[in-house]
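Enquirer: Next input, structure requested:
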Amino acid sequence: SNFANSSVCAENSCYNNNIPSGVQNVTQCKMESPAFVSRPHFHLADPFYKEQFQYGVHAKEGAHDSSFWVEPKSSIPVKVEMRLQLNVLLRKVEGIEYLFKNLPEVMFPVFWFDSEATLPEHMAGSLNMLVMLPTIMQACGIFSVVPVFIIFFLVFL
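Expert: Predicted structure coming up:
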């Protein structure tokens, strides 16, 4: 499962994601900055994240999903819709507790983005030809073998 912690998906244990599911810890990716990735508005994440806020976090089915459309025979992506949110973990910092003495630890959304890529219309014909190529080659093979058998039977019979 995407963004699942290791208690939900054992294969994700390598990410050291020891937080509620729905947010991916990417701290180790960029100079150990407290960065975390999720779906927008914590869509499909553990309710823990939405409950940190009184208002402003409202996930919507469809509007905050990502999708990856793949042509099944060739595995070529034809459409990708990616919606992700960048979050930072806010917590008390040693040495400046007086500034944030009442700050609870919060997974704070910074921004989210929506990106879409689609196979260009002018490439659709090429993709269709690529998908049909094995069938065309099989047909060519059958049609080239049939005349050989006909000639063989005419010559030797």
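
Enquirer: how about low-confidence regions in the chain?
Expert: Confidence mapping of the chain against pLDDT under 70 gives the ranges 1-2, 12-16, 29-31, 97, 100, 142, 145-146, 148, 152, 156-157.

Enquirer: Can you show me the helices along it?
Expert: 47-50, 121-156 (DSSP state H).

Enquirer: Tell me which of those sits most buried.
Expert: Mean neighbours per residue, mean count of other CB atoms under 10 Å, is largest over the helices of the chain for helix 47-50, with a mean of 16. Backbone N, C-alpha and C define where each C-beta goes, glycine included.

Enquirer: Quick one: distance of that one to the chain centre.
Expert: 21 Å (CA atoms, centre = their mean, to the nearest Å).

Enquirer: wait, which of the helices of the chain is closest to F108?
Expert: helix 47-50 (10.1 Å; CB to CB).

Enquirer: Check which helices and strands the closest one sits against.
Expert: Of the remaining helices and strands, none touches helix 47-50 by 3 or more CB pairs under 8 Å, 6 or more residues apart in numbering; DSSP states H and E.

Enquirer: quick one: contacts of that helix?
Expert: Applying CB atoms under 8 Å, 6 or more residues apart in numbering, the external contacts of helix 47-50 come out as 20, 22-23, 38, 41-42, 57, 59, 107.

Enquirer: are any of these buried, and which?
Expert: 20, 22-23, 38, 41-42, 59, 107 (16 or more other CB atoms under 10 Å).
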